[in-house]
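1. The sequence and its predicted three-dimensional model are supplied below.
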Amino acid sequence: MRFAHAAGGRSRFRYALERRGVLAALLISPAVLFIGVLVGVPLVLAVYLSFTDATAGSLTGKWVGFDNFSNALHDQVFRDALWHTFLFTVISQAIVIVVAGLLAHALVRSFRGRWLIRFVILLPWAAPIALTAIGFLWFYDPQASIFTWILEHLHLTSKENPPNWLGTPRAAMSSIITVQAWRTVPFATVIFLAGLSSIPQEVDDAAAMDGATGLRKFWHVSLPLQLPIALVAVLFGIVFTATDMVVPYILTNGGPFNSTQVLTTWAFQTGINAGNIGEGAAIALFMLPLLAIVVIGMLFFARRAEVT
Amino acid sequence: MGQSNDGSAPSSNRLTRRELLKKAGAGAVAVGVAGAAAPYSFAGPLRYKGRYLKGDLSIIQWVHFVPAYDVWFDKTWCTEWGQKNDVQVNVEHINNTLLDTRAAAEVAAQSGHDLFFNLHPMASYEDQVINHASIVHEIEAKVGKYGDLGRLSTYNPKTKKYFAVSDNYVPDPVIWRHDLWNDVGESPATWDHVRKAAPKLKANGHPIGIGQSQEVDSNMALMAFLMCFGGFIQDEHNRPTLYSKHTVEAVQFMTDIYKRGEDSAIFGWNPASNNNYLYAGTASMILNAISATRTPESLNLPFSDNLWIWPIPAGPNGRLGLEHVMGCYNIWKFAKNKENAEKFLADLCINYKAATTASQLYNFPSFPGAFPFPAIRKAAAADTHKPHGKYTILTTIAQRYTHNIGYPGTTNAAMDEVFSKYLIPQMFARVAQGKATPTESVRDTMSVVKGIYAKWRKRGKI
Amino acid sequence: MGAALKHKLFSYAVAVPLAVLLGFPFFWMAVTSLKPEYQVYDPTKVWHFHPTFASYGFLFHHTAYLRWLRNSCLVGLAVVVITLVVAMPAGYALARLAGRAGRTMGVAIFLTYLVPPTLLFLPLSRVVAQYLHLSDRLWALIVVYPSFTIPFAIWLLMGFFKTIPQELEDAALIDGCSRLGALVRIVFPISLPGILTVVIFTFSLVVNEFVYAITFISSSANRTVPVGVPTDLIRGDLYNWPGIMAAILIPSIPLALVYNAFLNRFIAGFTGGAFR
């Protein structure tokens, strides 16, 4: 009795904390605060800007309704940028998934030199991308490209006609896709490794007992178990790639003649360099519904396939 | 080096001032006493009185290509000006490609540096800055008229507002390898000569290097090229006039030059690429500021004595060039130290002779009276690099062959947008790569340009 | 035996070529960083040159590079701490406590990545300057960066917490532990691998960030590495390639070493350390 009385107020609080809902809300609130203030508010502002004719960094402008969006849709460069964004994202991430998947399987068991190989593989991810993109300018330099040098010495290209890494539409697109895949592979590999390592030993043993090995084991056992984590890697890869502008901006600045322009670089050129904030905001926000559909779709698919 | 007088936190600010006073010490007294004899004449009374400096001034500008200029600016000019005017000057340098981003951020934040520098007049930011007319008048009173180049670049005739003050511009010559051109018996006197020489030069392994990429050098070179053929993006009333037979002819001509005498690398260039092309010994000719000759000199490249500096080759419409870059300062409406900023800017332009000298003749004053052309010519003649006197041509180029972006009209927000979206290099590149005929390409570009102009006209800026 | 050998062969056959492909740019960066600046453009001097450490010397003595490294480290560590403190409880809540609503919120948090920072930085700069008064302070970055590291961290941790058997916590609850106590005393210690992973990912997100760093920081002394290097090593149209390469290598190698070390622990922790 006395015990219950003395602990009256505190135990009521403690009881509240025992309720899932309250505790959950409490634990989530700091995160919600951060994201609400630092992402939500600017996002709302950006949405507002996309409906105005704001220029030159100003955060206010005259209301123009959907003009920015419809102008964008009628603009050939924008439509091309939309297509390029799709190509850039899908192809680079497809490469990433295949390569990272292979690497994860190769690295999951110990072997001599694994530590060194892992170190090398982690390098592209450890290096600041803004600087490595500038570095790739040098690797792709029309005069001094080391890749050209290698190809020439392997007699795969001639000295008179070296590959124009950043100067023709096809080559430039391939170059930025390559660099984007190069920098994302380590990130995806680590996540895939996590997934692989989390497969409990019992599952492995059971599979071995059932005679499932190699490819069959991969398809029926490993893949379904890895799917949730693999999906995270794929999703984040897609989202980060679609919303990132560093690689195309530094390597090609959208060229040659807008053939590597993606939505983020086009939004930047329109909004910041040319001073049309409202239009730039509209272009940048275009991706939001598209990406949202992709994300929600993939998550839905994942939930279906999840093995708990 | 781009080191700044760091004064971010208030306490370190105080310390900096104290240090300044300590170091200045006797020198400061001497400066105060010898004010009248000082090398700079300032547009105001000397107020240094041996206490903490009263005012503040924050400046942001690019990392100058010539390190000596930044050293002079930060350590000599700003320090002495600060002492004489009782103002603590903080200068920050960032990469010139990042200036646009910073400008947008400062305006969005409604807080930033008092004096904002950019390498192109920021016409679209007109509503965010003060009217700089008083500064212009003050400078004109001391050194004479604002040059046409500067005025047409920073004045909006529609709103009658000076949206920036240009302190300097950089002439844009053509830089060519005299030895290589001699080998084929030619020289780049006219674009016809260039077209004739191009295949021979390329056959010798030394193509021409005029970029057609989405970067500033290509923009400048091709816009100037257009003008030599009589193609203009706008007329003197700031109305778009891009689509003309001159423009089509120019595009066709450049495609010819490309096909006969250039490398396909020119489509994927960044601002450094044409320089690198030259430094590797490959290029026979590029259009660039004298950074392309100064670097070989400092790196002791074997052919640096064979690099000649000439004005842009002449076309059917004559010899018309643009500035390579134009330095412009503007003062935000929300700047905290507008008076200090105005005075600083005025004093800088009045004393620009020191700046031009410090920049090794890279910066030419937009108020020519500050360092008259004959005087610059004399300084250039003293340059010892071979061939002797090669830099004296810069004054001729500056006086006769340099126009503002948007000539014969003014540099305005629409022109700025055409520039920042690289519409002109794209117009050329599509034809050169066979993706469109000259007429199609020019016509398509014209419709985009018309849309841009209509948009800014609706906003009342043209 | 046969299966193990086959697997080893597979590992070598896949990992070695891919490692070469991924690591070659760094090898070339190292070579370039040792070239004297005037020989970098010389096509005859691709491999035959006199190596020199001049570019490293330049970095350390003539630029504020050490300062930028320090700034990047500081910001990285601070952001990691904030991220962990905020994301761990949130991840647990969404994984265990919130049920259906939790899943939806999880997706909603993820949607925060859909807006590119390439335009978000404008309104954010107003927030930082006017409301937080943090212009040109490293604190601006420390406060803003968690906004994009926290969602990802929450996702990662959600995944980890879900793999922890519910029985462990239930046992603790039956023993009289409060929910909060179970969280702190049982769940968090087991999730060390998850924590280490979050550290790696968060730090890498911070080190790579560029747009906000330019926006909020202007003075040279407060710059982080991605902003300082282009400013001081690219003068106008002159790129100091050896210097740039050196600047990339110097933080990358230690970081990759650290990530590698954490990776070991995190994998070992996961599987109980025995077999793989």
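-> Right, received. Where do you want to start?

2. For the residue nearest to residue A:196 when sequence neighbours are not counted, grab phi and psi.
-> Nearest residue to residue A:196 in three dimensions, chain neighbours excluded: residue A:108, at 4.8 Å (CB to CB, 6 or more residues apart in numbering or on different chains). Where C-beta positions appear, they are placed from N, C-alpha and C, glycine not excepted. Backbone torsions for residue A:108, taken as degrees, to the nearest 10, come to phi -70, psi -30.

3. was I right about residue A:108 contacting residue A:197?
-> Yes: counting by CB atoms under 8 Å, residue A:108 does reach residue A:197; the two are 6.5 Å apart.

4. from the chain's centre, how far out does stretch B:449-462 sit?
-> Centre-to-centre, stretch B:449-462 and its host chain are 25 Å apart (CA atoms, centre = their mean, to the nearest Å).

5. That stretch and chain A in contact?
-> Yes: residues of stretch B:449-462 contacting chain A under CB under 8 Å from any CB of the partner chain: residue B:459.

6. Go through that stretch and flag the buried ones.
-> B:449, B:452, B:453, B:455, B:456, B:457, B:459, B:461, B:462 (16 or more other CB atoms under 10 Å in any protein chain shown).

7. do the same with stretch B:77-84
-> Within stretch B:77-84, the residues scored as buried using 16+ other CB under 10 Å are B:77, B:78, B:79, B:80, B:81, B:82, B:83, B:84.

8. what about it and chain C, touching?
-> No: shown here: stretch B:77-84 not in contact with chain C (CB under 8 Å from any CB), separated by at least 14.5 Å.

9. Which positions in the stretch 51-200 of chain B make contact with chain A?
-> Residues of the stretch 51-200 of chain B lying near chain A by CB under 8 Å from any CB: B:100-101, B:103-108, B:122, B:124-128.

10. again, 10 Å this time
-> Within the stretch 51-200 of chain B, the positions lying close to chain A (CB under 10 Å from any CB of the partner chain) are B:97, B:100-110, B:112, B:122-129.

11. Now stretch C:9-24: average pLDDT?
-> Stretch C:9-24 carries an average pLDDT of 91.

12. center of the chain - which residue?
-> Going with chain A. Nearest to the mean C-alpha position of chain A, by CA atoms, centre = their mean, lies residue A:240 at 2.3 Å.

13. nope, chain C
-> Per CA atoms, centre = their mean, the C-alpha nearest to the average position across chain C is that of residue C:204, at 1.0 Å.

14. Torsion angles phi and psi at that one?
-> phi -70, psi -40.

15. ok, and the closest non-adjacent residue to it?
-> residue A:125 (5.9 Å).

16. That neighbour touches residue C:259, doesn't it?
-> Yes: with contact defined as CB atoms under 10 Å, residue A:125 reaches residue C:259; the gap is 7.4 Å.

17. between these two, what contacts are shared?
-> Each of A:186, A:190, C:200, C:201, C:204 lies in contact with both residue A:125 and residue C:259 under the rule CB atoms under 10 Å, 6 or more residues apart in numbering or on different chains.

18. What is the burial count for residue A:160?
-> For residue A:160, the neighbour count with other CB atoms under 10 Å in any protein chain shown is 7.

19. for it, helix, strand, or coil?
-> For residue A:160, the assignment made with DSSP: H, G, I helix; E, B strand; the rest coil gives coil.

20. any idea how far it is from chain C?
-> Per CB to the nearest CB, to the nearest Å, residue A:160 is found 14 Å from chain C.

21. Right, I'll call it a day here.
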